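[1] Need the 3D shape of this:
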Amino acid sequence: MAIAIYPGSFDPVTLGHLSVIRRAKGFSEKLIVLVSHNPSKKTLFSSQERISLIEQSLNELGLSGIEVRALDNGLLAEQAKSLGAQIIIKGLRTAADLDYELQFASMNRDLTKVETVFLPTEPQYSQISSSLIREVAVLGGDVSNHVTKAVSKALAEKVGK
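    Now for the predicted structure:
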């Protein structure tokens, strides 16, 4: 078994993300969820808030033994190597996700020999993204079917709904 990392912005973490985490934990000795900062994205939650929400959500779903931390600056592949990971986990919702992620998987393998494993999202989560969840929540919609109770509560507090 190998050490795997699952990187993402997780703003906020969705049930789709948590499904990938649950499934990835099944084939890795150790799973590390890395909360990244993408300067091209405007986030609703701080990195520390996202880490806390992932930890609360894992606890809510009874998932243990998963480390959650912030992604340090620099290349993901280099961070993976420094953590001793052999695998990068990427969840895929659509064919567009695959087209986008293949470039990075190839580059990461070329740079550090770290392999990327793609996990297709379960069908019920395939059309749900963090950005859609944020938008619906900001507009006062109910997103509770797509996130944990902890995330639903945090969204309501954050957007004042």
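[2] Just give me the neighbour total for Leu63.
    Leu63: 15 surrounding residues under other CB atoms under 10 Å. (Glycine included, C-beta is placed from N, CA and C.)
[3] Name the SS class of it, please.
    coil (DSSP: H, G, I helix; E, B strand; the rest coil).
[4] what sits against it?
    Leu18, Ile21, Arg22, Lys25 (CB atoms under 8 Å, 6 or more residues apart in numbering).
[5] hang on, the first one packs against Gly62?
    No: Leu18 sits out of contact with Gly62 when judged by CB atoms under 8 Å, with a separation of 11.0 Å.
[6] Comparing these two, which shows the higher neighbour count?
    Leu18 (22 against 7).
[7] residue contacts, that one?
    Ser57, Leu58, Leu61, Leu63, Thr148.
[8] out of those, which is most surrounded?
    Going by other CB under 10 Å, Ser57 tops the contacts of Leu18 with 25 neighbours.
[9] need the contact list for that residue.
    Val13, Leu18, Val147, Thr148, Ala150, Val151.
[10] From Val33, how far out is it?
    Plainly put, Ser57 is 10 Å away from Val33 if you go by CB to CB, to the nearest Å.
[11] same check, this time on Ala70
    Taking CB to CB, one finds Ala70 at 10 Å from Val33.
[12] more neighbours, the two?
    Val33 (28 against 13).
[13] how close does that one sit to Ile133?
    Where Ile133 is concerned, Val33 sits at a distance of 17 Å (CB to CB).
[14] can you check Ala150 too?
    Taking CB to CB, one finds Ala150 at 13 Å from Ile133.
[15] Pick out whichever of these two has more residues nearby.
    Higher neighbour count among Ala150 and Ile133: Ile133, with 24 against 20, using other CB under 10 Å.
[16] Report all helices and strands that the helix or strand harbouring the more buried one contacts.
    Per DSSP states H and E: Ile133 is located in helix 130-138. Counting contacts by 3 or more CB pairs under 8 Å, 6 or more residues apart in numbering; DSSP states H and E, helix 130-138 packs against helix 149-159.
[17] try 10 Å this time
    If you count contacts as 3 or more CB pairs under 10 Å, 6 or more residues apart in numbering; DSSP states H and E, helix 130-138 packs onto helix 15-25, helix 149-159.
[18] Can you point out the buried residues in the first one?
    Same thing as helix 15-25. Leu15, Gly16, His17, Leu18, Ser19, Val20, Ile21, Arg22, Ala24, Lys25 (16 or more other CB atoms under 10 Å).
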